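Asker: How does the following fold in three dimensions:
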Amino acid sequence: MAFLTRALLVLWLAGAAALAGAADPARFIALSYHEVLGEGEPATPTSVTARDLAQQFAWLAANGWQPVSMDRILAARAGGPPLPEKAVLLTFDDGKKDVYTRVFPLLKLFGYPAVIALVGEWLEVADGGTVDYDGQALPRSAFVTWAEVRDMMASGLIEVASHTFTIHRGIPANPQGNTEPAAITRRYCSGIYEDDAAYEARLRAGLRELVPERTGFTPRIIMWPWGRSNKFTRNLAAELGRPIGFSLEDGWNDSTTPLAGLRRQLVENGPSLQEFVELLRASWPADPARSVRIDPGTWGNPEAGLSATLDRLQALAPNIAFIRPAVIRDGLEMTLFPTSRRPLAADILNHVAWQTERRAGVPAFIDLPSPWLDDPELVGDLARQVNFAGLRLPAAPDDRRIAALREAAGRWRLPVQLAFAVDRLPGPDTWARLADGDVVIIPAALATPGALPASARDKVLVEFDAAAPAGETARRMRELEADGFRSFGLSGFPDPLPAEVARVLSLRSQPQLR
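Answerer: Residues are numbered from 1 along each chain as shown. Predicted coordinates for the structure are as follows:
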């Protein structure tokens, strides 16, 4: 699951909401497992051992946690019996053989229901053949057979979900050769990007299902590969009979969480039992936001500029990079991605944003120029072509144009967090209406303890002038931390970044609570 680099940001943006609403009758957490290994088998980033899984199951039983089925979740959402206080949905992706030989016996032993997500094309490979498992050649025998799937379903404990038929793969996404999740990416081939019609046709073919033919059961759930989807793919899945979709966003679900965008917590890096317990309890405060602003249009050599910037991002360890999407040449605004709305300067923005996320581990927010707020079509083109986590808007949260921009971006890119850059403090009622995951960026001069209610400080990112004296900036950041502000950013990304600022700004300087 190499595409999952947004978890740190999501925890900050949605951490408080994830802990809220304990009385909600449909509140549950979903866990996403993958490989379950025997003793001595080499670990992968998403594996656990069978011994550890048994310990985790035993801990759930001993501590009041109750695995629930999708039927029970839907009943609670429809006004039926509420879910138990500590409800958990167990899910297992990819259909490796161990889900039958190791997971299924444990589920039967504990009486736990679970959902398994299968990739159709992998199971259709003939005996003795080879499966392309995300670029790794594995024998067909490494995966379950349809007979084993039917055996698990007959137990009454297992529901089968779709993990798509042919979409669990990366595809060419830009001229630089990046491969990105097939469900949300426009295929780039021979200098041409696929259009909306070709994208839809590819998705329809990739979302076909053989589960009904092979088992007699029609899946209603889709587990999106790498957790990536958008409004278009979700609507298409619903049209094809799979209205329930799961991402890989961290956090709890409740009755307000859209069925098409339910959250799942990825179980990764072979957690110890204590780490597993902390994952469920989520008792630590979310990491604060730390941001910088990047302008690729200033790089004389785009690849050299990107490489140097990625190295600096890795060293600083922020969790938001605001990236400018355009340049001004001879007084004319030109974009860094293809669109009919502006002339193209260079097709590099998707490459920059993807490498920022993948290599530096920093989610990319696109830093929209003010005129773009009046052009939802341009923002829609941006979302078609560029993989990003959010948008920075030079507007207040109550700006009438925001809804159209969110809709235009969300059609092709989800989730879309919005960061509102303001030059004066919003009114007191703004904070209660701010959408979950959104944040307000304020200049450092406006950040005073008496200016904001304490409850608003977790929704504020205080941004400092990158050209201000370093000692003054570092001192002010420390003062604001003492006053309860936690999230800071710079209006640029100076090279070199003064050490005294880097020490305060870097997430590496934060206490490690887990």
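Asker: CA atoms for contacts and neighbours, from now on please.
Answerer: Noted.
Asker: gap between the two ends of stretch 340-351?
Answerer: 19 Å (Cα to Cα, to the nearest Å).
Asker: got a pLDDT number for L8?
Answerer: L8 carries a pLDDT value of 43.
Asker: Please state the backbone phi and psi of D93?
Answerer: phi -100, psi 150 (degrees, to the nearest 10).
Asker: Now do the contacts for it.
Answerer: By Cα atoms under 8 Å, 6 or more residues apart in numbering, the contact set of D93 is S32, Y33, H34, I116, A117, L118, H163, M223.
Asker: so can I have a markdown table of those showing distance to A353, pLDDT and secondary structure?
Answerer: Output for the contacts of D93, formatted as a markdown table (distance: Cα to Cα, whole Å; pLDDT from 0 to 100; DSSP: H, G, I helix; E, B strand; the rest coil):
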| residue | distance to A353 | pLDDT | secondary structure |
| --- | --- | --- | --- |
| S32 | 26 | 98 | strand |
| Y33 | 28 | 98 | strand |
| H34 | 27 | 98 | coil |
| I116 | 32 | 98 | strand |
| A117 | 29 | 98 | strand |
| L118 | 30 | 98 | strand |
| H163 | 26 | 98 | coil |
| M223 | 25 | 98 | strand |
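Asker: Out of those residues, which end up buried?
Answerer: The neighbour-count test (16 or more other Cα atoms under 10 Å) marks S32, Y33, H34, I116, A117, L118, H163, M223 as buried among the contacts of D93.
Asker: All the strands of the stretch 101-250 of the chain, in order from the start?
Answerer: Counting by DSSP state E, counting those that start in this stretch, the stretch 101-250 of the chain has strands at residues 114-118, 130-133, 136-139, 158-162, 170-172, 179-181, 188-189, 192-193, 221-223, 244-246.
Asker: and what of the stretch 351-500 of the chain?
Answerer: 364-367, 390-393, 417-421, 439-443, 460-464, 488-490.
Asker: Give the residue spans of the chain that score low on pLDDT.
Answerer: Applying pLDDT under 70 to the chain flags the ranges 1-22, 283-285, 509-514.
Asker: mind exporting stretch 119-132 as CSV, just the C-alpha atoms?
Answerer: Extracted as CSV, the C-alpha positions of stretch 119-132 are listed here (Å, rounded to 0.1, in the frame of the first residue of the first chain):
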residue,chain,number,x,y,z
VAL,A,119,-9.5,-8.4,-6.9
GLY,A,120,-11.3,-10.2,-9.7
GLU,A,121,-8.5,-10.4,-12.3
TRP,A,122,-6.1,-12.0,-9.8
LEU,A,123,-8.5,-14.8,-9.0
GLU,A,124,-9.2,-15.4,-12.7
VAL,A,125,-5.6,-16.4,-13.4
ALA,A,126,-5.4,-20.1,-14.3
ASP,A,127,-3.8,-22.6,-12.0
GLY,A,128,0.0,-22.5,-12.5
GLY,A,129,-0.2,-19.0,-13.8
THR,A,130,1.3,-15.8,-12.4
VAL,A,131,-0.5,-12.8,-10.8
ASP,A,132,0.8,-9.3,-11.3
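Asker: what comes into contact with it?
Answerer: Contacts for stretch 119-132 (Cα under 8 Å, 6+ apart): 94-95, 133, 137-141, 143-146, 162-166, 168, 209-211.
Asker: If any of those residues are buried, put those into a PyMOL selection.
Answerer: Restricted to buried positions by 16+ other Cα under 10 Å, the PyMOL selection for the contacts of stretch 119-132 reads:
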select buried, resi 94+95+139+140+141+143+144+145+162+163+164+165+166+168+209+210+211
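Asker: ok, the buried ones among the contacts of D93 vs A54, which is closest?
Answerer: Set against A54, the nearest of the buried ones among the contacts of D93 by Cα to Cα is Y33 (13.0 Å).
Asker: The residue lying closest to the closest one once chain neighbours are set aside: neighbouring residues, count only.
Answerer: Nearest residue to Y33, sequence neighbours excluded (Cα to Cα, 6 or more residues apart in numbering): F92, at 4.7 Å. By other Cα atoms under 10 Å, the residues close to F92 number 22.
Asker: Give the pairing partners of the helix or strand hosting F92; include direction for each.
Answerer: F92 is part of strand 87-93, with elements assigned from DSSP states H and E. Here strand 87-93 has these sheet partners by DSSP bridges: strand 29-33 (parallel), strand 66-67 (parallel), strand 114-118 (parallel).
Asker: The next helix-or-strand element following the shortest one - contacts with which helices or strands?
Answerer: When you say that, I think you mean strand 66-67. Using DSSP H and E, the next helix or strand after strand 66-67 towards the C-terminus is helix 70-77. Contacting helix 70-77 under the criterion 3 or more Cα pairs under 8 Å, 6 or more residues apart in numbering; DSSP states H and E is no other helix or strand.
Asker: now the angle from helix 70-77 to strand 87-93?
Answerer: Put simply, helix 70-77 runs at 140 degrees to strand 87-93, going by axes from the mean of the first three to the mean of the last three Cα atoms, to 10 degrees.
Asker: And helix 70-77, what's buried?
Answerer: Those would be M70, I73, A76, R77, for helix 70-77 by 16+ other Cα under 10 Å.
Asker: Using PDB, list the CA coordinates for that helix.
Answerer: Extracted C-alpha coordinates of helix 70-77, given in PDB (Å, rounded to 0.1, in the frame of the first residue of the first chain):
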ATOM      1  CA  MET A  70     -22.000  -4.600   7.600                       C
ATOM      2  CA  ASP A  71     -25.600  -5.700   8.100                       C
ATOM      3  CA  ARG A  72     -25.600  -4.600  11.700                       C
ATOM      4  CA  ILE A  73     -24.000  -1.300  10.800                       C
ATOM      5  CA  LEU A  74     -26.700  -0.600   8.100                       C
ATOM      6  CA  ALA A  75     -29.400  -1.600  10.600                       C
ATOM      7  CA  ALA A  76     -28.100   0.900  13.100                       C
ATOM      8  CA  ARG A  77     -27.900   3.700  10.500                       C
END
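Asker: Relative to the whole chain's centre, how far out is that helix?
Answerer: 24 Å (Cα atoms, centre = their mean, to the nearest Å).
Asker: just to revisit the earlier point, can you give me how far the strand holding F92 is from the chain middle?
Answerer: Using Cα atoms, centre = their mean, the offset of strand 87-93 from its chain centre is 18 Å.
Asker: In CSV, list the C-alpha atoms belonging to it.
Answerer: The C-alpha coordinates for strand 87-93 follow below in CSV (Å, rounded to 0.1, in the frame of the first residue of the first chain):
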residue,chain,number,x,y,z
ALA,A,87,-17.8,-1.6,17.6
VAL,A,88,-15.2,-2.6,15.1
LEU,A,89,-15.5,-3.8,11.5
LEU,A,90,-12.7,-6.2,10.5
THR,A,91,-11.7,-6.1,6.8
PHE,A,92,-9.0,-8.1,4.9
ASP,A,93,-7.9,-6.9,1.4
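Asker: helices or strands up against the next helix or strand after that strand?
Answerer: Downstream of strand 87-93, the next assigned helix or strand under DSSP H and E is helix 98. Helices and strands in packing contact with helix 98 are not found; criterion 3+ Cα pairs under 8 Å, 6+ apart.
Asker: ok, and what's touching helix 98?
Answerer: E35, V36, L37, F143, V144.
Asker: In TSV, list these along with distance to G261.
Answerer: TSV is the format used below for the contacts of helix 98 (distance: Cα to Cα, whole Å):
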residue	distance to G261
E35	24
V36	26
L37	29
F143	27
V144	27
